[in-house]
Structures are given as structure tokens and as C-alpha cells.
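Peer 1: Take this sequence and fold it.
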Amino acid sequence: MCGPSPVLWNEIGPEIAYVTYVFPSPQTGSIYFKNLVQKHWCLLTDDEDEDGEEEEEEVARGEKTFTLLDADKAVIRANIVESIIHATQNTRAQLLTALGKITIADYPKRFKELLPKLMGYLNSNDHQALFAALLALYEVVRKYE
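Peer 2: Numbering: from 1, shown residues only. The predicted structure is shown next:
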């Protein structure tokens with residue numbers, strides 16, 4: 001079972017909230033965000049060990065320190081598509097990688113609004129939004145390759 005570690009989250013949380021002040025460039029912040037999602041976005045499975053043995057082994061090996069909180073995940077899911085649309089080319093690549101991890105873990109069960117949101121941008125006349133939505137859609141379909 002995945003669960004957050006409040007002690008470590010309290011240390012990392014402020015860095016996420018003030019990412020523009022912590023990192024010297026948007027690309028550095030996007031790399032940090034991508035790595036954070038890849039390492040700490042918990043993939044829940046139906047056959048997950050109910051007594052937590054698997055998680056204890058991961059913690060013992062140093063592979064897992066904490067999991068992002070559900071409230072933080074909801075904020076990320078709500079804003080990642082728009083972030084991809086408004087990002088520069090370098091930061092967009094990092095955000096798309098993070099979206100891929102989120103899609104593998106949460107789509108469609110916990111990220112039902114993703115496809116309707118992408119369809120809205122695919123019908124847009126804004127070329128930047130259309131391009132970013134196509135890239136995001138590609139990340140979604142990669143889950144099924």
C-alpha cells in the first residue's frame with residue numbers, strides 16, 4: 001500500500017509551492033517536477049499487498065521514501081494539460097514525461113477528465129494548444145502500446 005511520509009513531505013512541499021524561487025530556470029523546475037512524479041507517484045494495483053509488505057521492502061532498500069498526497073495529485077491532474085500548453089519546448093518535454101507516468105498510474109480510473117479536456121483543445125483554433133494536446137494525447141495512447 002502506498003502512503004505519504006508527512007515528515008519528508010513537509011520538507012519538500014515548500015519547494016514545490018515556490019518552484020519559481022527555488023530553481024534558477026523553468027527547465028530546472030520542470031526536471032525536478034518530472035523526477036518527483038516519476039519517483040513518488042504511487043501506482044496502485046488491484047492485487048497490491050494489503051498488509052504493506054511490498055512497501056516495507058521498498059523502504060528498506062531505499063527505493064521509496066514517500067508518496068505524493070491525493071490532494072496534491074488532484075491539483076497536478078487538474079493543471080498539467082494547461083501547463084503543457086503554455087510551456088516552452090524544453091519544459092514541455094519534461095511535463096509530457098510526467099504526464100506519461102500519471103497516465104500509466106491514474107488513467108482512466110482517477111483521471112477521467114483528461115480525455116474530454118484534450119478533446120476540447122484538439123477542437124481549438126489555437127495552434128499552440130492543438131499541438132500540445134496532440135503531444136499529450138500521444139502520451140496517453142503510449143500506455144496502450
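
Peer 1: residue contacts, Ala71?
Peer 2: Ala71 is in contact with no residue at all, counting by C-beta atoms under 8 Å, 6 or more residues apart in numbering. C-beta here means a position set from N, CA and C on the backbone, and glycine is covered the same way.

Peer 1: ok, it to Tyr32 distance?
Peer 2: 20 Å (C-beta to C-beta, to the nearest Å).

Peer 1: same thing with Val140?
Peer 2: To Tyr32, Val140 is 23 Å away according to C-beta to C-beta.

Peer 1: got the residue ranges for the strands in the chain?
Peer 2: In order along the chain, the chain carries no strands (DSSP state E).

Peer 1: which secondary element of it has the worst mean pLDDT?
Peer 2: None of the helices or strands of the chain scores lower by mean pLDDT, DSSP states H and E than helix 6-17, at a mean of 41.

Peer 1: Excluding residues flanking it in the chain, which one is nearest His40?
Peer 2: Leu68 (5.1 Å; C-beta to C-beta, 6 or more residues apart in numbering).

Peer 1: ok now do the one you found, which residues does it touch?
Peer 2: Leu68 neighbours (C-beta under 8 Å, 6+ apart): 4, 36-37, 40-42, 76.

Peer 1: swap in Arg77?
Peer 2: When contacts are taken as C-beta under 8 Å, 6+ apart, Arg77 is in contact with 102, 106, 110-111, 113-114.

Peer 1: Farthest pair within those?
Peer 2: Using C-beta to C-beta, these span at most 12.3 Å, a distance reached by Ile102 and Glu113.

Peer 1: So the two - more neighbours on which side?
Peer 2: A side-by-side neighbour count of Ile102 and Glu113, using other C-beta atoms under 10 Å, places Ile102 first with 22 against 12.

Peer 1: pLDDT value on that one, please?
Peer 2: Note on Ile102: pLDDT of 95.

Peer 1: need the contact list for it.
Peer 2: Ile102 touches 37, 41, 73, 76-77, 80, 111, counting by C-beta under 8 Å, 6+ apart.

Peer 1: sorry, back to before: distance of the residue nearest to His40 relative to Ile76?
Peer 2: 8 Å.

Peer 1: so what sits against both of these two?
Peer 2: Common neighbours of Leu68 and Ile76 (criterion: C-beta under 8 Å, 6+ apart): Val37.
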